[in-house]
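In: Structure of the sequence below:
(chains A and B)
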Amino acid sequence: MFENLEILRQAQAMAAHAGARQSSIAQNIANADTPGYRPTDLAPFAEAYREAGADEGLRRTRGGHFGGEELRAAVAERFARLIPGATSPNGNGVSVEAEMMRGAEVLQQHELALSIYQNALGVLRTSLGRQR
Amino acid sequence: MSDIAKTLALSASGMQAQAARLRHVSENIANADTPGYHRKLVSFGEVVEGGRHTGKVETGPVALDRSELARIYDPSHPLADESGHYDGSNVDLVVEIADAREAQRSYEANLRMFDQARQMQSALIELLRR
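Out: Predicted structure coming up:
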């Protein structure tokens, strides 16, 4: 019953998106000195959620929601994109500063999603007559 | 593997690679005065497991810098030839220190990402505890 609440579902998708994006940032930073490496990033959450909502990819809460390894890989693959920009002489395109900026954004998004989730649960608890 | 666990593994591989690079820099600096020493270089590459790109990074095989050795004039040196010169090393301390600093900065960047993933995970666990 509760997992079908739109707000909880959206908060869950938002936190999962932040996790996936954090993973791509970590990959870029780990490869900041790898010759020929091109950095990737995920589409912003709003875009990914809208697109995935059309074919029930991200919004689905049933069994496979972000659970299955395959689905996760498919979602990551689908929304991953190369970051355009200048490359250094060895063909590496990672800008550590830009990655740090993205890292801060991701942390904020994740915290926001968790706060929304927590608050929604608080409202539910209050309606059940329990202490928050 | 969850995204956060994957993030931790990726950052750890980055730190490991940078640490290996720093180790070679310190070897070069330690041998800056060793006659005939060629400076060691490490390259980075992406880890491929079973034909799939994992995104992790690893250090490649060690290569030796083929540039010419420094000719040092010291007639009293046991290795000196008729002209009084001997081959020193081709280590340039300034280059090594710059490289060490760069490795340190990259290590810190990886560490920050590791810490951030850890923070996200503990925030999630905190949610469960309430």
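
In: Show me where chain B has its helices.
Out: With helices called from DSSP state H, chain B shows them at B:3-30, B:93-129.

In: and the ones you listed, which is most packed in?
Out: helix B:3-30 (a mean of 20; mean count of other Cβ atoms under 10 Å in any protein chain shown). All C-beta spots, glycine's among them, are computed from the backbone N, C-alpha and C.

In: For that one, the averaged confidence score.
Out: For helix B:3-30, the mean per-residue pLDDT is 93.

In: do the same with stretch B:49-56
Out: 83.

In: now that stretch: how far from the chain's centre is it?
Out: Taking Cα atoms, centre = their mean, to the nearest Å, one finds stretch B:49-56 lying 21 Å from the centre of the chain it belongs to.

In: Check whether that stretch comes into contact with chain A.
Out: Yes. Stretch B:49-56 lies within reach of chain A by Cβ under 8 Å from any Cβ of the partner chain, at B:55-56.

In: Pull the residues that contact that stretch.
Out: Stretch B:49-56 is contacted from outside by A:27, A:30-31, B:9-10, B:13, B:46-48, using Cβ atoms under 8 Å, 6 or more residues apart in numbering or on different chains.

In: how about that stretch: buried residues?
Out: Within stretch B:49-56, the residues scored as buried using 16 or more other Cβ atoms under 10 Å in any protein chain shown are B:54-56.

In: Now whichever residue of chain A sits closest to chain B. Nearest residue, chain neighbours left out?
Out: Closest to chain B within chain A is residue A:30: 3.1 Å, counting by Cβ to the nearest Cβ. Among residues not flanking residue A:30 along the chain, residue B:14 sits closest, at 3.1 Å (Cβ to Cβ, 6 or more residues apart in numbering or on different chains).

In: does the one you found really touch residue B:106, like I thought?
Out: Yes. Contact status for residue B:14 versus residue B:106: in contact at 7.3 Å, counting by Cβ atoms under 8 Å.

In: could you give the angle of the longest helix anywhere in chain A to helix B:93-129?
Out: Ranked by residue count under DSSP H, the longest helix found in chain A is helix A:96-127. Angle between the axes of helix A:96-127 and helix B:93-129 is 10 degrees (criterion: axes from the mean of the first three to the mean of the last three Cα atoms, to 10 degrees).

In: Say whether chain B is contacted by helix A:96-127.
Out: Yes. If you take Cβ under 8 Å from any Cβ as the test, helix A:96-127 does meet chain B, through A:96, A:99-100, A:103, A:106-107, A:110-111, A:114, A:117-118, A:121.

In: For residue B:30, see how far away the residue in chain B that chain A sits nearest to is.
Out: Proximity of chain B to chain A (Cβ to the nearest Cβ) peaks at residue B:14, 3.1 Å away. From residue B:14 across to residue B:30, the span is 25 Å (Cβ to Cβ, to the nearest Å).

In: Return the residues of chain A in contact with chain B.
Out: Close to chain B, as judged by Cβ under 8 Å from any Cβ, chain A has residues A:15-16, A:18-20, A:22-23, A:25-27, A:29-35, A:37, A:69, A:72, A:96, A:99-100, A:103, A:106-107, A:110-111, A:114, A:117-118, A:121.

In: Could you find the closest non-adjacent residue to residue 85?
Out: Defaulting to chain A. The nearest residue in space to residue A:85 (Cβ to Cβ, 6+ apart) is residue A:93, at 5.7 Å.

In: that's the wrong chain, I meant chain B
Out: Computed as Cβ to Cβ, 6+ apart, the closest residue to residue B:85 that is not its neighbour in sequence is residue B:71, at 4.8 Å.
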